[in-house]
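# can you look at this prediction? I've put the sequence above it.
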Amino acid sequence: MTDAPSSTPHTVAVIGAGPAGLMAAERLASAGLRVVVYERMPSVARKFLMAGRGGLNLTHSEPLAPFLNRYDAPARTRIAGWLDAFSPSDLTAWAEGLGQETFVGSSGRVFPKAMKASPLLRAWLARLEGLGVEIRTRSRWTGWQGAALSFDTPEGERLEQADAVVLALSGASWAKLGSDAAWVPTVEAEGAVVAPFRPANVGFDVAWSPLFRDRFAGQPIKGVALSHAGRTVRGEAMLAAYGIEGGAVYALSADLRDAVERDGQATLTLDLRPDQSREALTQRLSKPRAKDSLSNWLRKTVHLDPLGVALLREAGPPPSQPEALAARIKGLTLTLTGVQGLDRAISSAGGVRLDDVDGRLMLKARPGVFVAGEMLDWEAPTGGYLLQAAFASGVVAANGVLGWLNGR
């Protein structure tokens, strides 16, 4: 990291108190700069806390090459540079430096042992306070008035001066937590191009029969493989009243979303028994059924639970021939007819185009203003990839600020 001048500290405004903004603030304050963080909500990192409710997935332990392949292709080269600056191992070491011991789960995902975001956030805020970072909540950024930053606060409009700015205002999902993309017109007015926001890591509509929907909505589909357009993902999905969602779906959601937007629908293929070959299933299904019902027979022979049997029936009467029935178990197709909106998406695609920021993440249209986190146009599935890139982009933006101030 480049050291900032030590005489009169520069002041940097960080706007947005999520992972990217707080990470940028920590790096800048550690370099001796005066840092003020502005957050429109009454408290910081609300989306981060919500993401950690079911277990805070910080990053992933897989090798770098497959790790990078999780990101959308147009952004992958840029994100590789972010991970050079702040790698998954750096993130793990940072969390443990805050007293939050981590572990690697069976899927390769990295979690704090506390399995929550709140202990890590409390330790982080204590560190930031010790570094002299000032955090001002209920301060909604409204743009610039000349060289000054303008904020709407409970006491009225407030103008602030800063030598550099880091914008970390998030994307357009979970608006109730502050990610409503209200910043878009302001940034566009400065000459930056913002790609329209689209839902990412999101569920899809399926026209379930009423009986199936009423009985199985809310139940998980465990141990399956999902495929679309030549890509296959192992994991779990969740049946919803509107259709299907869950981690394995999210891993394919970018391609599925594009297909639905382009063609009006998409085909998702489920392999209900990915650990068994079609030939092995056929052999098992060739055994006499005797007096068992179809459900009991499938439970005994191939270990399908009631939900799996019901899914087979949703596609029409199950075939009687062993080969055809095995083929359906290994290749059950669902027609996705729509995409849930941004209000139900875990994250969003779209944002400030990467061509509109330089390698330091500084806006080309407004020198001294840097952009980090989900404000930028990139996307990734859940599994630690979202948070990793958000943290790393905050580090890159902070390093960019330091280099720009020193070279100015």
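Perfect, thanks for sending it.
# touching stretch 247-255 from outside, list them.
Contact partners of stretch 247-255, identified using CB atoms under 8 Å, 6 or more residues apart in numbering, comprise 72, 200-204, 224-226, 228-229, 231, 233-237, 256, 268, 346, 349, 379, 381-383. Quick note: C-beta positions are derived from backbone N, CA and C, even for glycine.
# now these: which count as buried?
Among the contacts of stretch 247-255, those scoring as buried are 72, 200-204, 224-226, 228, 233, 235, 237, 256, 268, 346, 349, 379, 381-383 (criterion: 16 or more other CB atoms under 10 Å).
# in strands only, show me those.
Those of the buried ones among the contacts of stretch 247-255 mapping onto strands are 200, 204, 224-226, 228, 233, 235, 237, 268, 349, per DSSP state E.
# and the residues you listed as CSV, adding pLDDT and distance to residue 363?
Below are these laid out as CSV (pLDDT from 0 to 100; distance: CB to CB, whole Å):
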residue, pLDDT, distance to residue 363
200, 97, 23
204, 98, 35
224, 97, 44
225, 98, 43
226, 98, 39
228, 98, 36
233, 95, 36
235, 92, 38
237, 96, 39
268, 98, 39
349, 96, 20
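# out of those residues, which is nearest to residue 192?
When these are ranked by distance to residue 192 (CB to CB), residue 349 comes first, at 16.9 Å.
# for that closest one, give the beta-bridge partners.
residue 198 (DSSP bridges).
# look up how far residue 171 lies from it.
8 Å (CB to CB, to the nearest Å).
# shared neighbours, those two?
With CB under 8 Å, 6+ apart, residue 349 and residue 171 have common neighbours residue 197.
# got TSV for the ones in strands among the buried ones among the contacts of stretch 247-255, with distance to residue 48 too?
Below are those laid out as TSV (distance: CB to CB, whole Å):
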residue	distance to residue 48
200	17
204	26
224	30
225	31
226	28
228	30
233	25
235	23
237	25
268	30
349	19
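# spit out the contact partners of residue 388.
With CB under 8 Å, 6+ apart, residue 388 has these contacts: 58-60, 83, 88, 91.
# got the confidence number for it?
You'll see residue 388 listed with a pLDDT of 98.
# and what of residue 364?
So, for residue 364, pLDDT stands at 97.
# can you tell me which of the ones in strands among the buried ones among the contacts of stretch 247-255 is closest to residue 15?
residue 349 (21.7 Å).
# dump the residue contacts of the closest one.
Contacts of residue 349 by CB under 8 Å, 6+ apart are 72, 195, 197-200, 254, 377-379.
# and the residues you listed, which of them are buried?
Neighbour-count burial (16+ other CB under 10 Å) applied to the contacts of residue 349 gives 72, 197-200, 254, 377-379.
# any idea which of these is closest to residue 303?
Residue 303 has its nearest neighbour among these in residue 254, at 32.3 Å by CB to CB.
# state the distance from that closest one to residue 350.
Between residue 254 and residue 350 the distance is 12 Å, computed by CB to CB.
# same question for residue 343.
15 Å.
# now residue 190
Noted for residue 190: a distance of 17 Å to residue 350, by CB to CB.
# who's more crowded, the two?
residue 350 (23 against 13; other CB atoms under 10 Å).
# that one contacts residue 184, correct?
No - with contacts counted by CB atoms under 8 Å, residue 350 stays clear of residue 184, the gap being 9.5 Å.
# who touches both of those two?
residue 194.
# which residues touch the closest residue to residue 163 other than its chain neighbours?
Distances taken as CB to CB, 6 or more residues apart in numbering place residue 10 nearest to residue 163, at 4.2 Å, with adjacent residues excluded. When contacts are counted by CB under 8 Å, 6+ apart, residue 10 touches 4, 33-34, 163-164, 405.
# take those and keep only those in strands.
34, 164.
# among the contacts of residue 10, which one has the lowest pLDDT?
When the contacts of residue 10 are compared, residue 4 shows the smallest pLDDT, 44.
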